[in-house]
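Q: When you get a sec, could you give me coordinates for this:
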Amino acid sequence: MSPQPNTTAATGTWRLGDLNVNRVGFGAMRLTGTAPFDRGVPRDREQSIGVLRRAVELGVNHIDTAAFYFSATRSANELVNRALAPYPEDLVIATKVWPGRDPSGAWWWAAPEQLRGQVEENLRQLGRDHPDVVNLRVPPSRRTGSISEHFAALAELRDAGLIRHLGVSNVTARQLAEARAIAPVVCVQNPYGIGAASEDRALLRLCGELGLAFVPFFTIAGAGREAGPAAGDSEEVCAVARAHGASPAQVRLAWTLQQGPHVLAIPGTGDPGHLAQNVAAGALRLSKEELARLTSLRPAAA
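A: As a prediction, the model looks like this:
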């Protein structure tokens, strides 16, 4: 890949409600350890703080985090607070609620009346008066059910001034419509990347038509999800990477960003080198032929 500006400015911007963000952001899940949550080895605290500060220096002004991003000795929210407070005026911090973890790390799912406590937990850890965006993260078991009761509870918190903007995460098109009938939605945060299913592609297009930000996660990890990308990558992705002198991860990010101007990226890492590569991927431009070749891949081949 020819030398490119190592800054998020190369990708342009999009909006989260009235907030303008650069299209390459940062996901905080991997700040706490070599594997998320209570798996892996804890990250060096100063290295994680340094990665966050470097991300902002490179132009990142959109950070995605959550109170349940913690390991035995590290909390993503507290690392964000330590690294970046007092926060830059243009920094947008998004979090998510509905899932939670107790102090031992055991998972639980909030009832509608418990969402306020989850929002307040994020505020305490981040040292903020209100989050810029709160995403309602739908549990896998509710993907075919109604989210109206939970989303209405968040809408009440927004009306009370505790939340600036609302988003939804891991939703179907029907659930997005259900949420938008209750209160404004500024973003949809769903898993998405090369090999995405047709219904996922349709939801991305729908968000573009509605002017909503589409914020994909697991863009690099793919089917590996929290475990991270598989050791080997598909030959198609590797071939495009070789043609540009880039890594497969950069190709996956570039392909995703080129799905539309409303698509934001939130790749996460605790490694300074990977951070620089992720930001630089925003400047990588794939040809129409390369985009078509990668778009034709399905999950088993991606």
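
Q: What pLDDT does the model give Arg242?
A: With respect to pLDDT, Arg242 scores 96.

Q: now for the one helix or strand it maps to, which elements pack on it?
A: Secondary structure assignment for Arg242, by DSSP states H and E: helix 235-244. Using 3 or more CB pairs under 8 Å, 6 or more residues apart in numbering; DSSP states H and E as the contact test, the elements touching helix 235-244 are helix 248-257, helix 288-295. Backbone N, C-alpha and C define where each C-beta goes, glycine included.

Q: go with 6 Å
A: Packing partners of helix 235-244 (3 or more CB pairs under 6 Å, 6 or more residues apart in numbering; DSSP states H and E): helix 248-257.

Q: quick check: angle from the helix it packs on to helix 235-244?
A: Here the directions of helix 248-257 and helix 235-244 differ by 100 degrees (axes from the mean of the first three to the mean of the last three CA atoms, to 10 degrees).

Q: Next SSE downstream of helix 248-257?
A: Sequence-wise, the next helix or strand downstream of helix 248-257 (DSSP H and E) is helix 272-280.

Q: Output the contacting helices and strands for that following helix.
A: Using 3+ CB pairs under 6 Å, 6+ apart, helix 272-280 sits against helix 45-57.

Q: and with 10 Å instead?
A: Packed against helix 272-280 by the contact rule (3 or more CB pairs under 10 Å, 6 or more residues apart in numbering; DSSP states H and E) you find strand 26-27, helix 45-57, helix 248-257.

Q: can you give me the helices for the chain?
A: Secondary structure of the chain (DSSP state H): helices at 45-57, 76-84, 115-126, 148-159, 173-180, 198-210, 235-244, 248-257, 272-280, 288-295.

Q: Could you pull up the residues touching the most centrally placed residue in the chain?
A: Taking CA atoms, centre = their mean, the centroid of the chain lies closest to Ile266, which sits 4.0 Å from it. For Ile266, the contacting residues are 24-29, 60, 62-65, 94, 189, 215-217, 219, 278, by CB atoms under 10 Å, 6 or more residues apart in numbering.

Q: okay, now Pro112: neighbour count?
A: Taking other CB atoms under 10 Å as the neighbour definition, Pro112 ends up with a count of 15.

Q: That one contacts Ser146, correct?
A: No. Using CB atoms under 10 Å, Pro112 makes no contact with Ser146, being 11.5 Å away.

Q: where does Ala265 sit relative to Arg158, distance-wise?
A: 26 Å (CB to CB, to the nearest Å).

Q: more neighbours, these two?
A: More crowded of Ala265 and Arg158, by other CB under 10 Å: Ala265, with 27 against 17.

Q: Give the full set of residues in contact with that one.
A: 8, 11, 22-27, 62, 215-217, 219-220, 252-254, 256-257, 278-279, 281-282.

Q: Count the neighbours of the closest residue to it other than its chain neighbours for me.
A: Using CB to CB, 6 or more residues apart in numbering and skipping the chain neighbours, the partner closest in space to Ala265 is Val24 (5.1 Å). Around Val24 there are 29 other residues, counting by other CB under 10 Å.

Q: and Ala179, how many neighbours does it have?
A: Ala179 has 25 nearby residues by other CB under 10 Å.

Q: nope, Val80 is what I was after
A: As a burial measure, Val80 scores 27 neighbours (other CB under 10 Å).

Q: where's it relative to Val60, distance?
A: Distance from Val80 to Val60, by CB to CB: 12 Å.

Q: Now do the shared contacts for those two.
A: Phe26, Leu52, Leu91.

Q: Just name the closest of the residues you listed to Arg15, please.
A: Leu91 (14.9 Å; CB to CB).

Q: My read is that that closest one contacts Ile63, right?
A: Yes. Counting by CB under 10 Å, Leu91 touches Ile63, with 7.0 Å between them.

Q: show me where pLDDT drops low in the stretch 1-150 of the chain?
A: The stretch 1-150 of the chain contains residues with pLDDT under 70 at 1-7.

Q: swap the cut-off to 50 and go again
A: 1-5 (pLDDT under 50).

Q: which residues in it form strands?
A: 13-16, 19-22, 26-27, 62-64, 92-97, 99-101, 107-109, 133-137 (DSSP state E, counting those that start in this stretch).

Q: could you dump these to JSON lines with mean neighbour count?
A: Below are the strands of the stretch 1-150 of the chain laid out as JSON lines (neighbours: other CB atoms under 10 Å):
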{"stretch": "strand 13-16", "mean neighbour count": "18"}
{"stretch": "strand 19-22", "mean neighbour count": "20"}
{"stretch": "strand 26-27", "mean neighbour count": "26"}
{"stretch": "strand 62-64", "mean neighbour count": "28"}
{"stretch": "strand 92-97", "mean neighbour count": "27"}
{"stretch": "strand 99-101", "mean neighbour count": "17"}
{"stretch": "strand 107-109", "mean neighbour count": "12"}
{"stretch": "strand 133-137", "mean neighbour count": "24"}
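
Q: Lovely, talk soon.
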